[in-house]
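**Student:** Below are the sequence and a predicted model; questions follow.
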Amino acid sequence: MSKKTILLCISTNLGISRLLERNLIACGFNVILLCPYNEKGEGFKYPTLWDRIKVNFRKNILKEKEAKRKFECEVYFRNLQGKINQKIDYSLFFLMQGFSPEIILKIKEITKDNGMINYQWDGLARYPKAMENLKYFDRCYVFDSNDLKYNELFYNLYPTTNFYFDYEDEIQIQDNGKLYFIGGHNTSRQNEIVNFALYAQEHKINLDIQIVCQDIHKCRDIYPSNVTLLPLSEIKPFPENIALAKQCHCILDFVIAQHSGCSFRVFEALGYGKKLITMNKNVKYYDFYHPNNMFVLDNNFDELEAFLTKPYVELDPSIKKKYSFSNWINYVLNIEPYQPILLPNEN
């Protein structure tokens, strides 16, 4: 039986496309990347100086707001054409608002029926462009149950969650005793991070909290000394973040206010057998929740040290497997066998 071909469409991604590609290959797919690897979060690189001038003219003089995004997509599609000589089985998009309608339609033309899939790990309401692009997809999966209400307007929204990568790699799971978090500075969670860091400082808890900041000096006035501040130029690629998560004792999950879906950190903790401290109260409603393993931070610091000393409880292997990438990809592509991945209010 020949391998199915999947076109992986994800734009600025800090190296997550490399992990997705590896796991897809491990699952038996032939993988084509629409966009090149981008592990440092660098911006799009114009093929020539003249291309940059033309795009800036369209953007600044002709007031074409989407000029750069359209040009990027044109370049990606041109590079793709030499790699394809027949219709693709599946085109899997992540965060469809990063792509112009023009390239989505072109990719739809070279994709087999029922093969246009998008996964939205960010809320639909935050991105009007995502809502506009929904009609081009056969199925769109969302991690936030609040987004399912849009099924009144669209027919193609389905629930799922994030996942953990389950392909074999060289990074061994260890326990360095640290509580680990990395994320960008965001005012909606800064107070929780500050309070947690101060509590850890007072109780001599070993932290590895790294905050990426546009203005290091401004952030230094906000965060305690046991929080590491990183400039944008030192942002860690996703594979390095996964390696650090595998080596810590406990993963910290300080969430952004607009999200109710579970972040990747929740599933990294699940997949790699790590304890989790999270601000997301919704974890209690998932089938993987166990109070020994997951602690919801909600003005309850007095219970934290007891949680950290409780033994980790191994979950039923079928529950752990359910949230692996291998099961996730079969579910979203509708390839049997798989376990459906529903959101709490859908169970």
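**Tutor:** Great, that's in hand.
**Student:** what does the helix or strand harbouring Asn327 contact?
**Tutor:** Following DSSP states H and E, the helix or strand that holds Asn327 is helix 325-333. Outside of helix 325-333, the residues that reach it under the criterion Cβ atoms under 8 Å, 6 or more residues apart in numbering are 6, 20, 23-24, 26-27, 90, 92, 117, 119, 139, 141, 158, 160-161, 163-167, 321, 335-341. From N, CA and C alone the C-beta is placed, and that goes for glycine too.
**Student:** just stretch 91-103 next, same as before
**Tutor:** Everything outside stretch 91-103 that qualifies as a contact, by Cβ under 8 Å, 6+ apart, is 6-13, 20, 66, 69-70, 73-74, 76-77, 104, 107-108, 110-111, 115-122, 127, 129-130, 132-134, 136-137, 140, 332-333.
**Student:** where does the chain dip in pLDDT?
**Tutor:** In the predicted model, the chain carries pLDDT under 70 at residues 1, 12-13, 36-44, 66, 69, 73, 258-259, 345-347.
**Student:** Show me where it has its helices.
**Tutor:** Using DSSP state H, the helices of the chain run over residues 16-26, 49-60, 67-81, 101-109, 128-133, 187-202, 216-220, 238-247, 264-271, 304-309, 317-322, 325-333.
**Student:** what's the closest of those to Val283?
**Tutor:** In this view, the helices of the chain are compared for proximity to Val283 by Cβ to Cβ, and helix 264-271 is the closest at 6.2 Å.
**Student:** Let's see that closest one as CSV, backbone CA atoms only.
**Tutor:** In CSV, the C-alpha atoms belonging to helix 264-271 read as follows (Å, rounded to 0.1, in the frame of the first residue of the first chain):
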residue,chain,number,x,y,z
PHE,A,264,0.2,22.4,24.6
ARG,A,265,1.8,22.4,28.1
VAL,A,266,-1.1,20.4,29.4
PHE,A,267,-0.5,17.6,26.9
GLU,A,268,3.3,17.7,27.3
ALA,A,269,2.7,17.1,31.0
LEU,A,270,0.3,14.2,30.1
GLY,A,271,2.5,12.7,27.5
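**Student:** what about that helix, distance to the chain center?
**Tutor:** A distance of 11 Å separates the centroid of the chain from that of helix 264-271, by Cα atoms, centre = their mean, to the nearest Å.
**Student:** Ok, stretch 270-282 next?
**Tutor:** In terms of Cα atoms, centre = their mean, the gap separating the centre of stretch 270-282 from the centre of its chain is 15 Å.
**Student:** Glu132 - nearest residue in space that isn't next to it in sequence?
**Tutor:** In space, and not counting its chain neighbours, Glu132 is closest to Pro101: 7.1 Å by Cβ to Cβ, 6 or more residues apart in numbering.
**Student:** what's the neighbour count on that neighbour?
**Tutor:** Pro101 sits with 16 neighbouring residues when counted by other Cβ atoms under 10 Å.
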